[in-house]
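> got a sequence here, can you model it:
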Amino acid sequence: MIFHITTSETWKKAKLNNEYRCNSLETEGFIHCSTQSQIITIANTFYSHCNQLIVLEINPNKLLSEIKWESPAHPNSNVEHNINDSEQFPHIYGVINVDAVEKITYLCKNSKGLFENSF
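Okay, the predicted model is just below:
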């Protein structure tokens, strides 16, 4: 399984359109995803301004778009991050068909203001 962090509003739109897309698909040509062990670091690094997020659990065998495992592409290079540049991340080159999403998990912040593992 691969994972994508998003908001409830964006996921609601995706379900109406039967496909998920986000800004990075237009600006970078792919949708950023991660492994399960990378989720919390990414959430706390790039989504600290959000109070709640959802994580899409995507079955790669059901995905219609191409997946490439690549070095991280930092969407905001001005953000200080703890992401190891030698790690590989799944990038989806196209939309995510909604039926490839097998589970949704909500991420909330703890009392210290950090997202914590709920997997």
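> what about E66, how many residues nearby?
By the criterion of other Cβ atoms under 10 Å, E66 has 10 neighbours. Every C-beta, even on glycine, is put in place using the N, C-alpha and C of the backbone.
> F3 against E57, yeah?
Yes. Using Cβ atoms under 8 Å as the test, F3 is close enough to E57 to be in contact (5.9 Å).
> point out where the protein drops to low pLDDT.
73-85, 119 (pLDDT under 70).
> where along it do the strands fall?
With DSSP state E, the ranges of strands along the chain come out as 2-6, 19-20, 31-32, 52-58, 66-70, 89-93, 96-97, 101-108.
> helices or strands up against the longest one?
When contacts are defined as 3 or more Cβ pairs under 8 Å, 6 or more residues apart in numbering; DSSP states H and E, strand 101-108 packs onto strand 52-58.
> alpha carbons of the strand it packs on, as PDB, please.
In PDB, the C-alpha atoms belonging to strand 52-58 read as follows (Å, rounded to 0.1, in the frame of the first residue of the first chain):
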ATOM      1  CA  GLN A  52      -6.800  17.700  10.800                       C
ATOM      2  CA  LEU A  53      -5.800  15.700   7.800                       C
ATOM      3  CA  ILE A  54      -6.800  12.500   6.200                       C
ATOM      4  CA  VAL A  55      -4.600   9.800   4.800                       C
ATOM      5  CA  LEU A  56      -5.700   7.900   1.700                       C
ATOM      6  CA  GLU A  57      -4.500   4.200   1.700                       C
ATOM      7  CA  ILE A  58      -4.000   3.400  -1.900                       C
END
